[in-house]
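# take this sequence and fold it.
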Amino acid sequence: MFSQMVSFLVDVVWGPQLVGLLFVGGLYLLFQSRAKPFKRVGLGFKIAFGLSDFGKSKDSLGQISQFQALSNAVAGSIGLGNIAGVAVAITQGGPGALFWIWVSGIVGMNTKFYESTLALMFRGKDALGEVQGGPMYYIPQIIKGKWGRFLALFFAASGLIGTQAMFQANQLASYLKTEINLAPYMTGLGVGLFAAVVLMGGLKRISKVTTTLVPLMCVLYVFMSVGVIALNYSKVPSVFYLILSEAFSLESMGGGFLGYAFIHAFKVGIKRGGFSNEAGVGTSPMAHGNAKTSEPVSEGLVAMIEPLLDSVIVCSMTALVILLTTDVSQLDPNTTQGIQLTASAFSSQFGAFGTFGLGLCIFFFSMTTVVGMSNYNEKCWLFVFKERYIFKRPAFIVFFSSVLFLSAVISIDDAVGILDIGYGLMVYPNMLTLILASSLVTKEMRKKL
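Now for the predicted structure:
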C-alpha cells in the first residue's frame, strides 16, 4: 500500500504541468538571456579556479570560496544519479531518454545561471545569523506578503524530503549486497555514521570533504568510461544513431498509441535530467549562496559548470557504457534497473577490475552526494524550525542519519519515488519565482557581461 501511494503521488506531482514548468520555463529563461551566459562559460571556469578577479573584493560576504561552493554543489548533483539514475532512465524511457537528458542539461545551464545569480542578489540570514542564499530567502523578496512567506516555507519543507540522500544509500547498499553479501542495514548504519561525523564538523568540514573527493571521483569514473568507449569505438556511431532515432520515435511502445514512445522518452529524460543536474529544483543556489563574492553574476557563471559536467559529460559516459555493452531491447521497462545494470556493463569489459573500479566510484559518488545533500537538508531544516525547542542541530543530525539508515533497507522504487515527490514539490515555487524575477537577473547580466 505504501509503494502504491508513493507511485500515485509521483504521478500527480510529476504530471505534464511540472515537466512543462521545468522545460518550458527553462526555455523562457533561455529566451530572456538570449544565450549570452553560454558565451562566458570559460570565464566561469576561470572564476572557479581563482584565475579571474571578477567578483572579488575584501568586503565580500559569504563563508566559503567560489571553488568550494562549486564543489559543494557538484557533490550534491554528480552522484549515483549519474551511474544508477541513467540506467533507470534507459530502462524506463529507452535510449532516447539520454537525448532529453542532454537537452535538460543544456537548458539547465542557463537556469542555474539565473537561480544562482538571484541567490546572490537576494541573500538573507538564517536563525544563527549566518549569511545564506537560496529559494527560501529570495522567494519572499520577490513575492511579497503572506504568499511569499508561505511559498518559502513550502519550498524548505519539501526540501526536507527532496534533499535526502536516499537514492545513494539505497544503491550503495544494493551494490554491496550483490558484490560482497553485506546486509543492507549494515550499509545503512555505516553511511549514517559517516554523515553524522561530517555534519558535526559543520560547513567547513563539508567543504573540505567535497573539495577533496569531487575531483578524484570525476577523474576516476571518466577514465574508466573512456576505456569502455575506446574498446567499443566501432559501435559508437550506431549508438548515437539509436539515441537520436529513439528520442524522436513516433512508433508506439508495446502496442500503445502513436507518439507514446516520444512522449515517454521526453518525460523520463526531463525527470531524470532534473534529478541528476537539479536545475530549477533550487538546491544549487543554497550552495552558491555561501560563496564569498560581491558579484552575483560571477557566481551564476560558476554555477553553469554543474549541468555541463553532470548531464552533458558524466551522464553521457554512463549511457554510452551501457548502450555499447548491453542489448537494451531485452530490458524489461516494468522492472527498474539501477546500479546492477551499470555494474554489469563495466564488468563485461574489465572483469574484476571493472567491478572493483566501479565499486570505488560508487563509494565516492555516494559519500560526496550524502555530504552535499546534508548541507542542503540542514539549510531547509534551519529555515523551517529556526533552532526552536528540541529542533536544534543535534536533532537534525539524528534525523538525517536515521533517514539514510532507512533508505538502505527500502526498495529502489520507493526511494526514487519519495525523492521525486520532494524534488517535484521544490520545483513549483522555485521556477515560478525565477520566471517572475527573470527580468531582474537579465538586467544584472547585461550590466556585467
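# what residues are up against residue 305?
Taking Cβ atoms under 8 Å, 6 or more residues apart in numbering as the criterion, residue 305 is in contact with 41, 44, 45, 48, 70, 74. Where C-beta positions appear, they are placed from N, C-alpha and C, glycine not excepted.
# can you give me the distance of the second one to residue 93?
Right, residue 44. In this view, residue 44 and residue 93 are 30 Å apart by Cβ to Cβ, to the nearest Å.
# please apply the same query to the last one.
With the distance defined as Cβ to Cβ, residue 74 ends up 25 Å from residue 93.
# equivalent analysis for residue 295, please.
39 Å.
# residue 217 and residue 368 touch, don't they?
Yes: Residue 217 is within contact range of residue 368, at 6.2 Å (criterion: Cβ atoms under 8 Å).
# more neighbours: those two, which one.
The neighbour comparison of residue 217 against residue 368 (other Cβ atoms under 10 Å) goes to residue 368, with 28 against 24.
# so that one is in which element?
Assessed by DSSP states H and E, residue 368 sits inside helix 352-385.
# so what's the gap between that helix and the chain middle?
11 Å (Cα atoms, centre = their mean, to the nearest Å).
# thinking again about what came up before, show me which of residue 44 and residue 93 is the more surrounded one.
Just comparing residue 44 and residue 93: by other Cβ under 10 Å the higher neighbour count belongs to residue 93, 28 against 25.
# what about the more buried one, distance to residue 246?
9 Å.
# same deal with residue 240?
Relative to residue 246, and taking Cβ to Cβ, residue 240 is found at 11 Å.
# again with residue 394
50 Å.
# these two: which is more packed in?
residue 246 (21 against 12).
# for the more buried one, report the pLDDT, please.
The model reports residue 246 with a pLDDT of 78.
# so it touches residue 94, yeah?
Yes: assessed by Cβ under 8 Å, residue 246 is found in contact with residue 94 at 5.0 Å.
# top helix in the protein by residue count?
Assignment by DSSP state H gives helix 412-448 as the longest helix of the chain.
# list the buried residues for that one?
412-435, 437-438, 440-442, 444-445, 448 (16 or more other Cβ atoms under 10 Å).
# mind checking how far it is from the chain centre?
With Cα atoms, centre = their mean, you get 12 Å for helix 412-448.
# closest to residue 165 out of the contacts of residue 305?
Minimum distance to residue 165 across these is 14.6 Å, recorded for residue 74 (Cβ to Cβ).
# determine the three-state secondary structure at that closest one.
helix (DSSP: H, G, I helix; E, B strand; the rest coil).
# can you check the pLDDT for it?
Residue 74 is given a pLDDT of 72.
# I'd say it and residue 310 touch.
Yes: the pair residue 74 / residue 310 is scored as a contact, 7.5 Å apart, by Cβ under 8 Å.
# distance of residue 95 relative to residue 226?
Relative to residue 226, and taking Cβ to Cβ, residue 95 is found at 20 Å.
# neighbour count winner among those two?
A side-by-side neighbour count of residue 95 and residue 226, using other Cβ under 10 Å, places residue 95 first with 24 against 13.
# so who does that one touch?
239, 242, 243, 246, 247, 319, 323, 328.
# got any ranges where the stretch 51-200 of the chain has weak pLDDT?
Within the stretch 51-200 of the chain, the stretches with pLDDT under 70 are 55, 57-59, 75-81.
# all helices of the stretch 101-250 of the chain, in order?
Secondary structure of the stretch 101-250 of the chain (DSSP state H, counting those that start in this stretch): helices located at 135-142, 145-162, 166-180, 184-200, 202-231, 236-247.
# tabulate these in JSON lines, adding columns for distance to residue 406.
Formatted as JSON lines, these follow (distance: least, Cβ to Cβ, whole Å):
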{"stretch": "helix 135-142", "distance to residue 406": "25"}
{"stretch": "helix 145-162", "distance to residue 406": "13"}
{"stretch": "helix 166-180", "distance to residue 406": "8"}
{"stretch": "helix 184-200", "distance to residue 406": "7"}
{"stretch": "helix 202-231", "distance to residue 406": "22"}
{"stretch": "helix 236-247", "distance to residue 406": "36"}
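# those helices: which one's closest to residue 353?
Comparing the helices of the stretch 101-250 of the chain by Cβ to Cβ, helix 202-231 comes nearest, at 9.0 Å.
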